[in-house]
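Asks: All I have is the shape, not the residue letters:
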């Protein structure tokens, strides 16, 4: 065979091999896992060798006479042996499984590679822990001997500080229990945890004091106890800090009301142009600026059956959709049209529904109105039926984690569960009380909470509260007769919702809501946008 042909065959073979490797090679993420393991493996190899060397040096140092009893008792040498054993097992996995698989570089080996790397990493971690043990223990014991008195002086200050922190927390927690009696058991549990942490710290302080006064100090115990007290102080401080934050949450009262909402609909039209003459090239594509359209137009063009909406050959533009639909796009077909192109196609390139909401926030008696806020489509439609309702409620005596995120009439969750006396609702809480009028029970808000009255059509009766209570707080509640929310008959008796952007854009919804004829079924454009169609069919130049 001629040398040239041999070279050609070799090149072809190389190309086929490279192509085969590209198709069937291990994915990059698994190659990276193997590389990360090799780095961890080499790091531990160096650390283990260094630890073994350092231990041999320590055994010949001036400190060994002092440290040897501790080393024998705690089996430092055995720990290094265990480190070597674990590392040897990782080495075997690396040699027998991981390296051969990465060298073969084939996707069929993904599962055994992942399994081997996982097991080898566990061995590396355990080996690292064992290899550090002798150094960490010798350092702790030597430091305990050197800083015996400073350690004790520090702990002498920590204990009274811990007692003060705990006593202060008990005072704060006790006041919170008096204010929020339903949380008594939970608050008591937090007090118990703090007291237990303090007691443990005090017990550890006693051990440290006893060792400090001894003529034969166990410096391993001394050092461990010192570290344990520091850790216990951190736990106590952290628990008290986090608990105080939670107790402060009990004093917060707020609702987030959906004050207004709107959807702006946009359509992007694409155009391809070309000519049929020789030398015209591949043609040209153009996207028109977003066209702001109404919901009916958006719904029409959102339909997947709408493809090429217009085209042009010899003569004028030809429409494949009703002319009124084209006019609703309000685009200039000839914008940026290449001078020598006589043919064109138009299609829907993208649709977009931009959703916005406004909120009214009432917190501890103060009302704040937000401007329009852009929200994602899912969040918008989640609360689309909740105009005028509280979509977040956090009553007094609730933690933030217990806030109510299902929609409800404003302030309904603030009402106290009544005690029935002679068929009448009685009882009160921080927000208000049950009162009687003409033989019926109504809820009356106190002081700063009276502003809730401005966000509801009338006082809440016992029957209304009972319907809400029976429905449970896990789902939205629109009243016994669906009278609340976007489609509720009571909502638009309030001028703020009569004159809302939603009302102006959806007059038929408001009309039907007032008459009680509308249902809560989703409109067909509910889940729309953004979506990309990609360009439609197009011609091409010669």
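Replies: Thanks, I have the structure now. None of these values were measured; they are calculated from a predicted model.

Asks: Output the longest helix belonging to this protein.
Replies: In the chain, ranked by residue count with DSSP state H as the criterion, the top helix is helix 110-146.

Asks: Which neighbouring elements make contact with that helix?
Replies: helix 28-59, helix 64-74, helix 76-93, helix 99-104, helix 219-250 (3 or more C-beta pairs under 8 Å, 6 or more residues apart in numbering; DSSP states H and E). Yep, even glycine has a C-beta here, placed from its N, CA and C like the rest.

Asks: Kindly reformat those helices as a markdown table containing distance to residue 506 and mean neighbour count.
Replies: Shown next, in a markdown table, are the helices and strands packed on helix 110-146 (distance: least, C-beta to C-beta, whole Å; neighbours: other C-beta atoms under 10 Å):
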| stretch | distance to residue 506 | mean neighbour count |
| --- | --- | --- |
| helix 28-59 | 49 | 15 |
| helix 64-74 | 77 | 14 |
| helix 76-93 | 66 | 18 |
| helix 99-104 | 62 | 15 |
| helix 219-250 | 38 | 18 |
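
Asks: Using TSV, lay out those together with mean pLDDT.
Replies: TSV is the format used below for the helices and strands packed on helix 110-146 (pLDDT from 0 to 100):
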stretch	mean pLDDT
helix 28-59	96
helix 64-74	98
helix 76-93	98
helix 99-104	95
helix 219-250	98
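
Asks: For those, give me JSON lines that also has distance to residue 368.
Replies: Below are the helices and strands packed on helix 110-146 laid out as JSON lines (distance: least, C-beta to C-beta, whole Å):
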{"stretch": "helix 28-59", "distance to residue 368": "47"}
{"stretch": "helix 64-74", "distance to residue 368": "62"}
{"stretch": "helix 76-93", "distance to residue 368": "60"}
{"stretch": "helix 99-104", "distance to residue 368": "60"}
{"stretch": "helix 219-250", "distance to residue 368": "19"}
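
Asks: and of these, who's closest to residue 379?
Replies: Residue 379 sits nearest to helix 219-250 of all the helices and strands packed on helix 110-146, at 23.6 Å, using C-beta to C-beta.

Asks: Direction included, what does the next helix or strand along the chain from that closest one pair against?
Replies: Next in sequence after helix 219-250, counting helices and strands by DSSP states H and E, comes strand 254-274. Looking at strand 254-274 with DSSP bridges, its partner strands are strand 284-287 (antiparallel), strand 291-293 (antiparallel), strand 343-363 (antiparallel), strand 390-394 (antiparallel).

Asks: ok so, going back, tell me the mean pLDDT over the longest helix of the chain?
Replies: Averaged over helix 110-146, pLDDT sits at 97.

Asks: again, but for stretch 290-297
Replies: Rounded mean pLDDT across stretch 290-297 is 93.

Asks: got it, and stretch 451-471?
Replies: 86.

Asks: mind listing what's buried in it?
Replies: If you call a residue buried by 16 or more other C-beta atoms under 10 Å, then stretch 451-471 has these buried ones: 452-453, 455-457, 460, 462, 464-465, 467-469, 471.

Asks: neighbouring contacts of that stretch?
Replies: Residues outside stretch 451-471 that contact it (C-beta atoms under 8 Å, 6 or more residues apart in numbering) are 255, 257, 360, 362, 365, 367, 388, 408-412, 414-415, 417-418, 424-425, 434, 440-445, 477, 479-480, 490, 493-494.

Asks: Tabulate the strands paired with strand 254-274 (TSV), appending mean neighbour count and distance to residue 114.
Replies: Listed next are those as TSV, based on neighbours: other C-beta atoms under 10 Å; distance: least, C-beta to C-beta, whole Å:
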stretch	mean neighbour count	distance to residue 114
strand 284-287	15	45
strand 291-293	17	50
strand 343-363	20	40
strand 390-394	23	43
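
Asks: Many thanks, we can stop here.
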